[in-house]
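Chemist: 3D, please:
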Amino acid sequence: MLNIGGLKEGIVLDHIEAGRSMDIYYHLGLDKLDCQVAIIKNARSNKMGRKDIIKIDGLLENLDLQILGYIDHNITVNIIRNEEIVEKKRLSLPQKITNVIKCKNPRCITSIEQELPHIFYLADEKKEIYRCQYCDERYNKKR
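Modeler: All right, here's what the predicted structure looks like:
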């Protein structure tokens, strides 16, 4: 069994769909931060079969849980202090996301006014459908 050392202070992202950890790593901007990060890919899981885990050393107050909720709202965020889990956060799909996905409608104002933020709102939570705030173009999140 592979064992990665525990954290004194930090965040553990658990129950990540197998193979998605690097996508999350870059979306959260962890590559730009000066902190230790451990990525465990394809770990055995009774619940999921296989899963990825990301351990981040240090508490990051600016971690964008909305992006994380959009990428995979089944992820569990564990906050670690003094080597113990002090809080578990469950994520949900965000009602609104900005500059995470881009509108593909060529007639959308964001195609002409490129400095405008790409804002999408959650139109259907069950089907995980987002729509562009400007032109109502549909973006289906399901893979």
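
Chemist: quick one: the strands in this structure?
Modeler: 10-17, 37-45, 49-57, 76-81, 84-90, 96-98, 119-124, 129-132, 138-140 (DSSP state E).

Chemist: low-scoring pLDDT stretches of the protein, where are they?
Modeler: Low-confidence segments of the chain, defined by pLDDT under 70: 1-5, 59, 141-143.

Chemist: Work out which residue lies at the spatial centre of this protein.
Modeler: By Cα atoms, centre = their mean, the chain has its centre lying nearest to Leu68, at 1.9 Å.

Chemist: Go ahead and confirm that residue touches Leu13.
Modeler: Yes: counting by Cβ atoms under 8 Å, Leu13 is a contact partner of Leu68 at 7.3 Å. C-beta coordinates here come from the backbone N, C-alpha and C atoms, glycine included.

Chemist: Identify the contacts common to the two.
Modeler: Common contacts of Leu68 and Leu13 (Cβ atoms under 8 Å, 6 or more residues apart in numbering): Ile24, Ile75, Val77.

Chemist: Report the buried residues of stretch 10-22.
Modeler: Gly10, Ile11, Val12, Leu13, Asp14, His15, Ile16, Glu17, Arg20, Ser21 (16 or more other Cβ atoms under 10 Å).

Chemist: and if you look at stretch 77-86?
Modeler: By 16+ other Cβ under 10 Å, the buried positions in stretch 77-86 come out as Val77, Asn78, Ile80.

Chemist: Return the distance of the second one relative to Cys35.
Modeler: Put plainly, it is Asn78. Here the criterion is Cβ to Cβ, to the nearest Å. By it, Asn78 lies 16 Å from Cys35.

Chemist: same check, this time on the first one
Modeler: Here the criterion is Cβ to Cβ. By it, Val77 lies 16 Å from Cys35.

Chemist: That concludes my questions; thank you for your assistance.
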